[in-house]
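Undergrad: A structural model of the following input is requested.
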Amino acid sequence: MSHFRFPPLLAAALLTLASPALAADEDAPKGPAVSVLKAAKSCFANIVEVSGTIMPREETAVRPERMGLKVAEVMADAGDTVTAGQTLARLNLPEGGTINIQAPVAGTISAANATVGAFASGKGEALFSIIARSEYDMVALVPTDDLGRLAVNQPASVRVIGINDNLDAKVRRLAPTVEPNSQLGQAFLGITTNRKLLVNASARALIKTGQSCGVAVPLTAVQYGSAGTVVQVVKGQRIETKRVEIGLMSGGQIEIKDGLKEGDEVVARAGALLREGDPVRPVTAAAK
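TA: A predicted model of the protein is given here:
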């Protein structure tokens, strides 16, 4: 049987044409496709979370200056917003005639105890209590470990039970002592709002004590194990495992304080199936 042979020159030419394809095939990435993203700079807020109750910042008691007066007319009730000088009640004098009881400050009436026919005096129960200027504090209970991180004027976000919106606030003052049994201190957060808040309502607050800016990756990229905290990166289409030091977390991202640099290609969802040195085909993940 005869065998067909290419002429030497034609065979050499065909081999030259095939060589790039063969080389490309040899250099083609092997292994599974993995979703990767680049480690990027991000800033994280350092937060202290506390709980507490809503209290008047300043409450003013309203009483007559003398004794032996009888309430003739009540002109305001609890929950009313009043102005300074507004008449709240009219009292009868023992010698005849009447006097008006006026609000010494503007604000919200938190309690109204005046009733027609009752006696009023300068030492008895207050006829009215007014939340001065309708200003409220959240009195927050703070663990001793967190007290050292707080300072006056730090911003806070307050969520009051029964109100859907967050309220802006600032640390107004810090109590100098802690309760000995619970080891909790007090922080007074001045709330900025036009709302009427319920005194003694429960609330929670997030106090921003500072921020840290550095490299960040998704929480899904971090693995925790006996070797410590690690992330997997792709270099030269192979897996490298890097031990990292983590920091703050927010919005599904975690701060990497050490072990990565900006621009490193990180496996978006690290898994036990990927090992050091495994060949992979990196596919850039869509940014979220």
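Undergrad: Could you spell out which stretches of the protein belong to which domain?
TA: Listed domain ranges for the chain are 33-44+213-284, 47-56+134-211, 59-132 (source: automatic domain parsing).
Undergrad: Given the strand or helix carrying Ile130, what are its sheet partners and their directions?
TA: Assigned by DSSP states H and E, Ile130 belongs to strand 128-132. As defined by DSSP bridges, the strand partners of strand 128-132 come to strand 59-62 (antiparallel), strand 107-112 (antiparallel).
Undergrad: So what touches that strand?
TA: For strand 128-132, contacts defined as CB atoms under 8 Å, 6 or more residues apart in numbering pick out 56-62, 76, 82, 88-89, 101, 103-114, 199. Every C-beta, even on glycine, is put in place using the N, C-alpha and C of the backbone.
Undergrad: Show me how to select, in PyMOL, the buried members of these.
TA: Command for PyMOL that selects the buried part of those, burial taken from 16 or more other CB atoms under 10 Å:
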select buried, resi 56+57+60+62+76+82+88+89+101+103+107+108+109+110+111+112+113+114+199
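Undergrad: now the angle between strand 128-132 and the helix or strand where Glu49 lies, please.
TA: Using DSSP H and E, Glu49 maps to strand 40-56. Going by axes from the mean of the first three to the mean of the last three CA atoms, to 10 degrees, strand 40-56 is angled at 160 degrees with respect to strand 128-132.
Undergrad: In terms of secondary structure, what does strand 40-56 contact?
TA: Packing contacts for strand 40-56, counted by 3 or more CB pairs under 8 Å, 6 or more residues apart in numbering; DSSP states H and E, involve strand 136-143, strand 184-192, strand 202-218, strand 245-250, strand 253-258.
Undergrad: Please identify the buried residues of the first one?
TA: The reference is to strand 136-143. If you call a residue buried by 16+ other CB under 10 Å, then strand 136-143 has these buried ones: 136-140, 142.
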